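Visitor: Just need the structure, nothing else, for what follows:
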Amino acid sequence: RRRLKKVLKAKPCFCVVAFGTNDFFVGAAPGALEENLSAILDGLAACRIQPVLAGAGCLAEFGEEYKREFDAVFPLVAARYQAPLLPDLLGTYLRDPAKTLIDQLHPNEHGVRSMVRALAPVVAEVLRKLD
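Guide: This next block holds a predicted model:
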């Protein structure tokens, strides 16, 4: 939410909202995640900016019930706002040592390339519709 004003000021035609990883790492309630995502997408909608939602699949280590509730937020919000969705941006690189930094959490150059490859067709479709 804090960064939304800067995004709106730039007046983009679309915005990739990549969100959620830190939320499950700190154990944030899925309802809070939904509320924050909705606030961001409401702000984009008010300025007629097309959102692209890039979710973060919760890791199994956080518990089956929490994972199920957390992972359900992204498709729900995407449907509500008719936003294209890449459900699990983390899944494009996480757990692959060739694609992560030494912390095995953050993407290295290869991990970033994997994320871009996964997002590219979603963004391309948005751009086609905007033309």
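Visitor: dump the residue contacts of Glu69.
Guide: With contacts defined as Cβ atoms under 8 Å, 6 or more residues apart in numbering, Glu69 is in contact with Pro30. The C-beta positions use only the backbone N, C-alpha and C, and glycine is treated the same way.
Visitor: Surely it is in a helix?
Guide: Yes. Glu69: assigned to a helix according to DSSP: H, G, I helix; E, B strand; the rest coil.
Visitor: Now do the same for it: its pLDDT.
Guide: Glu69 carries a pLDDT value of 96.
Visitor: and what of Arg1?
Guide: 62.
Visitor: just the helices in this structure please.
Guide: 4-10, 21-25, 30-46, 64-81, 109-130 (DSSP state H).
Visitor: Show me what counts as buried in the second one.
Guide: For helix 21-25, the neighbour count (16 or more other Cβ atoms under 10 Å) marks 21, 23-24 as buried.
Visitor: Mind giving me the packing neighbours of that helix?
Guide: If contacts are counted by 3 or more Cβ pairs under 8 Å, 6 or more residues apart in numbering; DSSP states H and E, helix 21-25 sits against helix 30-46, helix 64-81.
Visitor: With distance to Met115 added, can I get those helices in a markdown table?
Guide: Output for those, formatted as a markdown table (distance: least, Cβ to Cβ, whole Å):
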| stretch | distance to Met115 |
| --- | --- |
| helix 30-46 | 19 |
| helix 64-81 | 16 |
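Visitor: so which of those helices gets nearest Asp131?
Guide: helix 30-46 (19.2 Å; Cβ to Cβ).
Visitor: mind checking pLDDT for the closest residue to Ser38 other than its chain neighbours?
Guide: Leaving aside its chain neighbours, Ser38 sits nearest to Val77 (6.3 Å; criterion: Cβ to Cβ, 6 or more residues apart in numbering). As predicted, Val77 sits at a pLDDT of 97.
Visitor: Much appreciated, bye for now.
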